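[1] requesting a structural model of the entry that follows:
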Amino acid sequence: MTEINITQYKLDALVGVRFLSWLLDVLLLLVPTTLLSALALRIFYDQDSAQMVVGVYVLFYFIVTIVLILNRSHGIGQHLLNIQVVDHQTEAGISFWRYFLLWHVVGKSLIIGLIPIVNIVFLPIYSLIDNLFIFRKDRRAIHDLIAGTRVIKLPLEQQRKKLIDFTRI
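    Numbering: from 1, shown residues only. Okay, the predicted model is just below:
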C-alpha cells in the first residue's frame, strides 16, 4: 500500500479563512490610513499634509500588494493566511493581469464602484451577493467564476516561511 503525502494535495480554502483574508485586507488598509490621517492632522494642522501622509501609506500598501501578486498570486490577507488564487482547472498560479483585471476590477466590481450614485446602491448589494457565493459547494464567489479561479490553501512546502516572504511560488 502506498503512503499518501497529504501536503501534495491542494485543498480549497475554508469560508472562514477567505473571510478573514478579506477582513485583514480591509483592516491593513483602512485602520492605518485613518490613524495616519488623524496623526498627520494633529501634527501638521493641515489637511493637505494629512492627505499626503495617507497617500504615501496607500501607495506603500499597493506596492506591497502588487509585488505579492506578481510573485505569489495573492494579496496581503491571503499572504498572511497562506492561501492563494489559482486557475480553477489547472490549479496553477494566475497572471498578474488576470488576478488584477478579472478577479479584482471586473469580478469584485470596482469599475461600478467608480460610477457616482450607482456605486452607493449597487456595490454593497453586489458585494454581499458576491461574498455569499462562497457558501456554495465549490466555495467560488462570483469574482472567482468570472476569472475562472478558486482559492486554495497552500501546501506546506509552498507556504510563506516568514512574514516578509516575496519569493515566487
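
[2] mind listing what the spatially most central residue of the chain touches?
    Central residue of the chain (C-alpha atoms, centre = their mean): Gly75, 4.2 Å from the mean position. Residues in contact with Gly75, defined by C-beta atoms under 8 Å, 6 or more residues apart in numbering, are 21, 25, 65, 68-69. Every residue, glycine included, has its C-beta placed from N, CA and C.

[3] from those residues, which land in helices?
    Secondary structure assignment by DSSP state H places 21, 25, 65, 68-69 of those in helices.

[4] who wins for neighbours among those residues?
    Greatest neighbour count in the ones in helices among the contacts of Gly75, by other C-beta atoms under 10 Å, goes to Ile69: 24 neighbours.

[5] that one contacts Tyr99, correct?
    Yes. Counting by C-beta atoms under 8 Å, Ile69 does reach Tyr99; the two are 5.3 Å apart.

[6] so Arg136 versus Glu157, what's the distance?
    29 Å (C-beta to C-beta, to the nearest Å).

[7] who has more neighbours out of those two?
    Just comparing Arg136 and Glu157: by other C-beta under 10 Å the higher neighbour count belongs to Arg136, 12 against 8.

[8] got a list of what the closest residue to Arg139 other than its chain neighbours touches?
    Spatial nearest neighbour of Arg139, chain neighbours left out: Asp12 (5.0 Å); criterion: C-beta to C-beta, 6 or more residues apart in numbering. Shown in contact with Asp12 (C-beta under 8 Å, 6+ apart): 138-139, 150-153.
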